[in-house]
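In: Compute the structure for the input listed below.
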Amino acid sequence: MDISKNDREISPVGKPNRTNSHRNVRFRVKQDGTWLPEGRSGEKGIFLEAIAIDMEGNGEYQVCTAKDGWLDPVSGYDITDRGGYGGHKDSPIIAVRIFSDQVLYKYGVGELGGKWHPYAYTNKEGFAGDFGPIDRFLITKLNGYLK
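Out: Predicted structure coming up:
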């Protein structure tokens, strides 16, 4: 699959395209003890405490926190249930990775108060982030499915 031909949701310059970004994947982020409305990437300058993603198929996501490193992978999407999101209030998220055998996702994070990091893709080595606190998160499902 040629990612460049199928990527239509996040702008290639490393900033979210405000007109159509992240509309095809439900997600929420938690900052300063509060879950933001669905689809909001986060407020610049306030570190992310938790992320919940509605994964299609059999996907999982995992967050890395400054205090505890990589937490257990999560497959659910329920901000009222500890098993339905990744992260916790006492430590900033410093990286995110997503796994899926069926769906190709593109996702990215913004460094605390700074720029967006390069995007990451499911089923590629790596993750989004550079192990410094992050304050924003975006995800989009690319056209097509993995075989």
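In: could you pull out the strands for this structure?
Out: Assigned by DSSP state E, the strands in the chain fall at 27-31, 34-35, 48-53, 60-65, 69-70, 86-87, 93-99, 103-111, 120-121, 134-145.
In: With distance to Gly42 added, can I get those strands in a markdown table?
Out: Any C-beta I mention is one placed from the backbone N, CA and C, and that applies to glycine too. A markdown table is the format used below for the strands of the chain (distance: least, Cβ to Cβ, whole Å):
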| stretch | distance to Gly42 |
| --- | --- |
| strand 27-31 | 5 |
| strand 34-35 | 11 |
| strand 48-53 | 6 |
| strand 60-65 | 13 |
| strand 69-70 | 20 |
| strand 86-87 | 12 |
| strand 93-99 | 10 |
| strand 103-111 | 7 |
| strand 120-121 | 17 |
| strand 134-145 | 4 |
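In: Mind putting those strands into a markdown table with mean neighbour count and mean pLDDT?
Out: Output for these, formatted as a markdown table (neighbours: other Cβ atoms under 10 Å; pLDDT from 0 to 100):
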| stretch | mean neighbour count | mean pLDDT |
| --- | --- | --- |
| strand 27-31 | 22 | 97 |
| strand 34-35 | 13 | 96 |
| strand 48-53 | 25 | 97 |
| strand 60-65 | 22 | 96 |
| strand 69-70 | 13 | 96 |
| strand 86-87 | 24 | 96 |
| strand 93-99 | 22 | 96 |
| strand 103-111 | 22 | 94 |
| strand 120-121 | 18 | 93 |
| strand 134-145 | 22 | 87 |
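In: what about those strands, which gets the closest to Ser41?
Out: For the strands of the chain, proximity to Ser41 was assessed by Cβ to Cβ; strand 134-145 is nearest, at 4.5 Å.
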